[in-house]
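Asker: Following is a predicted model, sequence given first.
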Amino acid sequence: MTEAQFEKLVAAWPGVTLDVKWQSHRVASVDGRMFAMLNLPGWPRAGWLHFKVDDDLFLALTEQPGIQAAAYLARAKWITVTEPRRYARGWYAASLRRAYELTARKLSKKRQRELGLPA
């Protein structure tokens, strides 16, 4: 996945901001809480995508080819896609949206309403 594709998928969702962290990751956050990140070109493992998943899907996903538990973030149920070409764009769109929803759900109810998110 390219940086432009990543941005196109997530940028329009309410409360999403994009920035660069650690000089090597394009990070998507909702109201300051990270839900996905992409390794940038020019750095090791460019194109690898990391994002939050449902707790009950974490183990099943990490058993799939090209997916592993995310370093440092596995305890929070994040995965890393190490073979980005293996999965279809539609899968990424659905997975990133779900990561966004899981993270946004942790915001206060008031903030969720302000962002126009379903209760």
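Answerer: Perfect, thanks for sending it. Treat the numbers as computed from the prediction; the structure is a model and nothing was measured.
Asker: C-alpha only now, for contacts and for neighbours.
Answerer: Fine.
Asker: confidence score at the closest residue to L115 other than its chain neighbours?
Answerer: Excluding the flanking residues, the one nearest L115 by CA to CA, 6 or more residues apart in numbering is P14, at 5.6 Å. Per-residue pLDDT puts P14 at 93.
Asker: Over to G42?
Answerer: G42 carries a pLDDT value of 85.
Asker: M37 now?
Answerer: 97.
Asker: can I assume it is in contact with H50?
Answerer: Yes: between M37 and H50 there is a contact under CA atoms under 8 Å: 5.2 Å.
Asker: Confirm that G90 lies within a helix, as I assumed.
Answerer: Yes: checked against DSSP: H, G, I helix; E, B strand; the rest coil, G90 lies within a helix.
Asker: Can you give me the neighbour number for it?
Answerer: A count of nearby residues for G90, using other CA atoms under 10 Å, gives 9.
Asker: From K110, how far out is it?
Answerer: 31 Å (CA to CA, to the nearest Å).
Asker: separation between L38 and L18?
Answerer: As judged by CA to CA, L38 and L18 stand 11 Å apart.
Asker: repeat for R45
Answerer: In terms of CA to CA, R45 sits 20 Å off from L18.
Asker: which of those two has more neighbours?
Answerer: Comparing R45 with L18 by other CA under 10 Å, the one with more neighbours is L18, at 17 against 14.
Asker: three-state assignment of the residue lying closest to that one once chain neighbours are set aside?
Answerer: The shortest distance from L18 to any non-neighbouring residue, by CA to CA, 6+ apart, is to A28 (4.8 Å). At A28 the chain is in strand, as set by three-state DSSP.
Asker: So what's the residue count around A28?
Answerer: Applying other CA under 10 Å, we find 25 residues neighbouring A28.
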